[in-house]
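Visitor: sequence below, structure please.
(2 chains, ligands or ions: 2)
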Amino acid sequence: MTTKSTHAVELRAVTRRYGAGERAVTALDAIDATFAAGTFTAVMGPSGSGKSTLLHCAAGLDRVTAGDVLIDGTPVAGLGERALTRLRRDRVGFVFQAFNLVPALTAAQNVALPMRLAGRRPAAGEVTAALAEVGLSGRAGHRPAELSGGQQQRVAIARALVTRPAVLFADEPTGALDATSGAEVLRLLRDAVDRHGRTVVMVTHDPYAAAHADRVLFLADGRVVDALSGPADAEHIAVRTARLEAARATGAAGDATSSGGRATGDAGRSTSDNDSAVTR
Amino acid sequence: MSAAWAMVRHRFASFAGTFVAVALGVAVLAASATLQLSSKPQAPARYDAAPLLVLPPETGTNDYGEPERPNWTPSEATDLAGKLTSLPGVTAAVPDPSFYIQRLIDGKATGDPQASRINGHAWSSAALGGYQLAAGRPPTKAGEVAAAGTTPGERIEVLTARGPETWTVTGTVIDNGHHAGFFVADSVAFARASGVPLIGLTLTGDDGWVAAAARALIGPAGVVLAGADRDQLEPGSVSRIRWIGAQLLIVLVALGAFATVFVVSSTCALSAAQRRRELGLLRAVGATPGQVRRMMYAETTLIALFAGVIGAPIGALFAPLLADPMVETGLEPPGFAATWQPLALAGAVLVGLFAALAGVVVAARRASRISPLDALRESAADPRPMPPSRWVTGIASAAAGGALLAVMPSLSNASKTTAGLGAAMLLITAAALLSPVLIVPIVRLLAAPWRNSATGMLVREGTLTGVRRVASTAAPVLATVGLTVLLTGMIATIEVASGIDEAAEYPVANLLVPLNTPGLSEAAVATQSGTSRLPTRVQVTVPTTTRGYDGAGLTGPESSPVGPAGGVGERPGSEAGAGAVLHADTAGELGVAAGATIALRFADGTRAELPVLAVDPNAEAPIVLPRALVRAHDPDALTDMVVLNGPATEAAGAESLPVATYVQREVDDEGRLVDLFLWAMISLSAGYTGIAVGNTLLMAVAARRAELRVLRLAGATRRQILGVLAAESLLAVGVGAVLGAAVAAISLLGIRAAVESELGQAVTLVIPWTAAAAVTTGCALIALVAAAVPTLHRPTGP
Ligand SMILES: Nc1ncnc2c1ncn2[C@@H]1O[C@H](COP(=O)(O)OP(=O)(O)O)[C@@H](O)[C@H]1O
Ligand SMILES: [Mg+2]
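Guide: Residues are numbered from 1 along each chain as shown, chains lettered A, B, ... in the order given. Ligands and ions are numbered 1, 2, ... in the order given. Next up, the predicted model:
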């Protein structure tokens, strides 16, 4: 497979194993996946299925045991810690479930942090605009402790987007929020894709959240076991999730995937490798 | 970096330890440096009215690196002075012979013994200080004297190198409170002094111009000192006092810097561990490892500069308050005052900054290795309490400290204390670095009795899972207990040992020694039956070289001048066949053998040629001469002591003592100073321990609020929580004390072994239990308060 510039992130046979010997855990098992530029992908799966690990490896926060990760066409494998950090700073945005902001810094300073770390002075109005984009123009001078959870996540999104990254990763960004704040965060992510052409990869276990995506990848035991593309409604996703869980419980994963063969769609350009993983 | 500033502002609490440690360190450094810089050599006030001073030429340096300037003879000095007087702009050129004199009151010598060695002067030299007579007339013949604080006509008792004398006061001197001493007729002063060490010039012309003219005139016959160069003439007795003071100040500076590095490194390590998540987040959003490291340096720089700016003025304010106590304890000369020393303050701030940066190096390196994924980890469980680098530095410090201890016995007495202090610091650093390994077994041992109570369990498990935290609390306790026990023990052991050593030197039971005098007068020695040596300084010239040597004039017809074991048989001889006996080392250096002739220049500047009668490896001095010859050419020489072989005869300024008492007194005298040093060091390090223990515990308890809240919810009462915290703190202090005592004990055993092998005799090990117990108790009290305050302060937490 050749590297295409339309792929914001590409995973090639990525394996991530924790520990060694008897107690080794294979969190990711030779996963292939591509995330096309300008798309919104949701990653779902039961707890412990490797969702977070997938995100960390794809974002260059964690090293892979085997395989290749390409961020915006650049292979991560050969990079030293400094070069990798720079790549992350310039091309990747990240929103965690919580603790996204440096407590000592104000909202505006947090947003400006990646630029400052890159040795750049934010252009006049750049930070203000980013905060306005997430509806927090009035909160620029507030510290994280003075903001609600939802507001903190919005600041985190503003920070993740302000550098115009190739891809934004979000690990359960709504997991710690109430419904209203969660919806606001999801709307912002959707807007980032629709209005600014950003690429978003979001881990979630909430079908309602996943319904905002263009494509849904289902993970189980470190493998992609299913994919749904095109705007799917929450109910549909929930049914698919339930079916996967049930199939896993009975140990017959093949049944569950039979009806999900259509893993490729207009929005999600999943690869044929992915299809084979799904239909195996 | 602005992020650093924001961090500092936001998390001031976690930087408070660094702040206080650096502020205190800088204050100590600033005060010490201010005192040190204020303590400058100064020309004696006696020369206040003499802008130019002329010294004999330098012939070399003595064993201490000081210039050797053999005195002029009276006639040389008078000739030179005559020439100098003829220069335009010179009012008078006055030779200044000085001699030993002390006033006797009720038969007892008074005044500072060392200063009295140059307390007698020629009347004409009064002009060099601008002194005049308030009443009476100048002294003109033997037995007459002018001095401050006397009245003309009064008869006073004085003690000189000859013995006690009664003189008549002819005039009262106005000496402006300079303690100018006693003035006698010029001829009397020339006769009593051993040569002339200086010619002073009073001027009407310009200093610089006359100085240049004087140099051109006399050429190599003398050295002309003007302006600040005159300050080289500070009397040796004053220099010595200032030197002792400087030693204490150096120790304080070294210890202050060490303690600052120590405390800063332990607080920084703890605070970096507590900020793991935040630093991980910074890494995740794009901070490179280098940026994290630089941020920590930037934070520390800010804190250290801020602390320095606070600490330095505090030090400057304290310095003048310390001046008087230092004079009283004999660490600075009378009249010493601290002056404004901006350089000292700037230097202190700078050293404080570097000490803080040195302290943060390890923590910053560790922090830069934090992974971005640490941002996702809730708990700050101790990851790898012993990284390889810590093993390496720990073991390296231990090895270096051990090596220093091993070479200590072979060092000079003066450097022994410094070496001991260095070894102590290294070993303590090693113990602190390696402590995480030792903490687990020690805690299991110490906590064993309470393992079945709920509190006991909580304490034990809390301590075992927070090894780093315990190590941080234990480290300063370890340092103080270790330093206290090691230093006091080391010094006490060496004192006991040197007592044994010195007592072995004198086989006889009784000594005649000086009593508040710098030495024994001729009269005091002449009336005793026993042996003594009359010390002098001679310059020896052989065709190849000229060198200065300590000479000794030996007394007593019965005592062989070459010593009982010499066996050479020949003695320096009577006046007629006078000659010198050289120590084998001296002969070797000069390259001469028995039978050769050497040219001598005596203390009074006169020259003579003497045959070398013998070369003796056991000679009592580098050059042994007939006593009468020494006396003739060094009229102002004083005898150190007489080894008595019969009952002592009473003499002014002398007393008779058994050898043991004398040795003990010498040791005690030295001990008094050593105790002062120790006291200063221990209180300084105890102060630091207080800060460090308090700060570490405050930080640790504050960071564990969430955990404590869980405990509260689980049904623990406030008292139980306080109990757990108190017990944990005490456990940490206990661990520190045990480790500190262990380090000290090991080192002391090493020292004793070294001393024993040197003396070939068993030495008792002195272990200062009380000092150790006091320091530990102090630490425990501070720990209890520091652990209790945050819990009482916010009973339920945020
Ligand atoms: N740092 C780690 N060390 C060891 N095992 C880990 C680590 N992180 C994750 N794992 C294991 O890898 C698997 C996948 O974890 P994760 O990616 O966090 O799952 P998810 O986010 O889907 O819940 C799990 O079995 C988990 O226990
Ligand atoms: Mg997860």
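
Visitor: going forward, measure contacts between C-alpha atoms and count neighbours the same way
Guide: OK.

Visitor: quick one: the residue nearest the centre of chain B from residue B:112, how far?
Guide: What sits nearest the mean C-alpha location of chain B, by Cα atoms, centre = their mean, is residue B:247, with 2.2 Å. Separation of residue B:247 from residue B:112 (Cα to Cα, to the nearest Å): 22 Å.

Visitor: okay, the residue nearest to the centre of chain B and residue B:62: tell me how far apart.
Guide: 21 Å.

Visitor: likewise residue A:53?
Guide: 76 Å.

Visitor: neighbour-wise, which of the two wins?
Guide: residue A:53 (22 against 14; other Cα atoms under 10 Å in any protein chain shown).

Visitor: report whether the helix or strand harbouring the more buried one contacts ligand 1.
Guide: Under the criterion of DSSP states H and E, residue A:53 resides in helix A:51-58. Yes. Counting by Cα under 6 Å from any ligand atom, ligand 1 is contacted by helix A:51-58 at A:51-53.

Visitor: neighbours around residue B:789, how many?
Guide: Residue B:789: 15 neighbours (other Cα under 10 Å).

Visitor: so which bits of chain A are right by ligand 1?
Guide: So far as Cα under 6 Å from any ligand atom goes, chain A lies against ligand 1 at A:18, A:27, A:47-53.

Visitor: now tabulate the residues you listed in CSV and tack on pLDDT and distance to chain B.
Guide: CSV is the format used below for the residues of chain A next to ligand 1 (pLDDT from 0 to 100; distance: Cα to the nearest Cα, whole Å):
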residue, pLDDT, distance to chain B
A:18, 90, 14
A:27, 92, 15
A:47, 88, 16
A:48, 89, 15
A:49, 91, 17
A:50, 92, 15
A:51, 92, 14
A:52, 91, 11
A:53, 93, 10
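
Visitor: chain neighbours aside, what residue packs nearest to residue B:727?
Guide: residue B:459 (6.7 Å; Cα to Cα, 6 or more residues apart in numbering or on different chains).

Visitor: and what of residue B:643?
Guide: residue B:511 (4.8 Å).

Visitor: helices along the stretch 151-280 of chain A, start to end?
Guide: A:179-196, A:207-210, A:234-250, A:253-258, A:272-279 (DSSP state H, counting those that start in this stretch).

Visitor: which residues does the longest one contact?
Guide: Which is helix A:179-196. The contact list for helix A:179-196 (Cα atoms under 8 Å, 6 or more residues apart in numbering or on different chains) reads A:38-40, A:134, A:150-151, A:153-154, A:157, A:161, A:173-175, A:198-200, A:209, A:212-213.

Visitor: picking that back up, okay, the helices of the stretch 151-280 of chain A in TSV with distance to residue A:82 next?
Guide: Shown next, in TSV, are these (distance: least, Cα to Cα, whole Å):
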stretch	distance to residue A:82
helix A:179-196	28
helix A:207-210	34
helix A:234-250	39
helix A:253-258	42
helix A:272-279	32
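
Visitor: quickly, which of those helices bottoms out on average pLDDT?
Guide: Among those, helix A:272-279 has the lowest mean pLDDT, at a mean of 36.

Visitor: count of residues packed around residue B:140?
Guide: Residues near residue B:140, counting by other Cα under 10 Å: 16.

Visitor: show me what contacts it?
Guide: With Cα under 8 Å, 6+ apart, residue B:140 has these contacts: B:184-186.

Visitor: repeat the analysis, applying 7 Å as the threshold.
Guide: Residue B:140 is in contact with residue B:185, counting by Cα atoms under 7 Å, 6 or more residues apart in numbering or on different chains.

Visitor: measure it to chain A for me?
Guide: Per Cα to the nearest Cα, to the nearest Å, residue B:140 is found 85 Å from chain A.

Visitor: return the distance of stretch B:387-406 from the chain's centre.
Guide: Offset of stretch B:387-406 from its chain centre (Cα atoms, centre = their mean, to the nearest Å): 27 Å.

Visitor: of all the residues in that stretch, which ones are buried?
Guide: B:390, B:394-395, B:397-402, B:404-406 (16 or more other Cα atoms under 10 Å in any protein chain shown).

Visitor: in CSV: the residues you listed, plus secondary structure and distance to ligand 1.
Guide: Formatted as CSV, these follow (DSSP: H, G, I helix; E, B strand; the rest coil; distance: Cα to the nearest ligand atom, whole Å):
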residue, secondary structure, distance to ligand 1
B:390, helix, 24
B:394, helix, 30
B:395, helix, 32
B:397, helix, 35
B:398, helix, 36
B:399, helix, 38
B:400, helix, 39
B:401, helix, 40
B:402, helix, 42
B:404, helix, 45
B:405, helix, 46
B:406, helix, 48
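
Visitor: nice, that's everything, thank you.
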